[in-house]
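Undergrad: Just to be clear, the model below is a prediction. Sequence and coordinates:
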Number of protein chains: 2
Amino acid sequence: MMKLNQSLLCPKFEKAMQILSKRWTGLIIYQLLSGPQRFCAIESALPISGRLLSERLKDLEQEGIVNRQIYPEVPVRIEYSLTKKGLALEPMLREIEKWSQTWVQIEEGL
Amino acid sequence: MMKLNQSLLCPKFEKAMQILSKRWTGLIIYQLLSGPQRFCAIESALPISGRLLSERLKDLEQEGIVNRQIYPEVPVRIEYSLTKKGLALEPMLREIEKWSQTWVQIEEGL
DNA sequence: TTAGTTAATTACATTTCGTAAGTTAGTATA
DNA sequence: TATACTAACTTACGAAATGTAATTAACTAA
């Protein structure tokens, strides 16, 4: 039988979750909380590949969460930063930070 | 050249993001904030398929975020609920809720 | 000329996801 | 007795997302 999708879920909340639950999105925004930075800086701060970082930054720019600023120097410098919309995610990320310190266990050694 | 992964990322935070940025994880926990409920209730509240819901609930149980309670009635009733660790995620989800109301636009029509 | 840089893009194999159908165990209906 | 229905899964399989590595463009430096 077909599933009629009559979820009572708020569309704005659903959209937010769609963006934020994509792999790497949260970590990229978290990284940018420490200030505007270049592609290679984000790449070396996170265990993400260039291919996906490029893709995610494009998505986040589309969503108005990240700003891409080109400085036409030699060689060209491109800096990524958070927009107001992106900065507004800081409280959420701080909550995850708090939760992780209290509840997440890391198993050491082997 | 090989990428040496010397990320200064806190392992607990990274682990938290790994769990929470999996597709559907956040929405399932959000749904369970409204109280213990059965598989089919979650399934019809969210646009998720049975296959993935089953998989995610198993993951979340493993992580100690969700509890699976069997009531040996006829027919058997199985209820999923949040553990303390899971309930502790409420503030984070409320922040996403707030953010989505302020910043997310939904385009209507076509 | 060769090598190195940044910010990507492309190719390709692996993993995850979505859709649909099937399973198990029991109840209800004709 | 046969058929249909329910809950909670599981299986099969094609499609989409991801990870790894190589390549590109435009420029500098040795």
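TA: It's in.

Undergrad: where are the low-confidence patches of chain A?
TA: Within chain A, the segments meeting pLDDT under 70 span A:1-7, A:109-110.

Undergrad: and it, which of its residues are near DNA strand C?
TA: Residues of chain A found near DNA strand C (C-beta under 7 Å from any atom of the strand) are A:2, A:38-41, A:50-51, A:54, A:57-58, A:68, A:75-78. In short, each C-beta sits where N, CA and C put it, glycine included.

Undergrad: top of the residues you listed by neighbour count?
TA: Counting neighbours by other C-beta atoms under 10 Å in any protein chain shown, the top entry in the residues of chain A next to DNA strand C is A:L57, with 20 neighbours.

Undergrad: isn't it right up against A:S81?
TA: No. At 11.0 Å, A:L57 does not count as touching A:S81 under the criterion of C-beta atoms under 8 Å.

Undergrad: between these two, what contacts are shared?
TA: Residues touching both A:L57 and A:S81 (C-beta atoms under 8 Å, 6 or more residues apart in numbering or on different chains) are A:V66.

Undergrad: that older thread, what is the nearest of the residues of chain A next to DNA strand C to A:E14?
TA: Top of the list for closeness to A:E14, among the residues of chain A next to DNA strand C and by C-beta to C-beta, is A:M2 at 20.4 Å.

Undergrad: quick one: the residue nearest the centre of chain A from B:W24, how far?
TA: Of all residues in chain A, the one closest to the mean position by C-alpha atoms, centre = their mean is A:T25, 2.8 Å from it. Applying C-beta to C-beta, to the nearest Å, the value for A:T25 to B:W24 is 15 Å.
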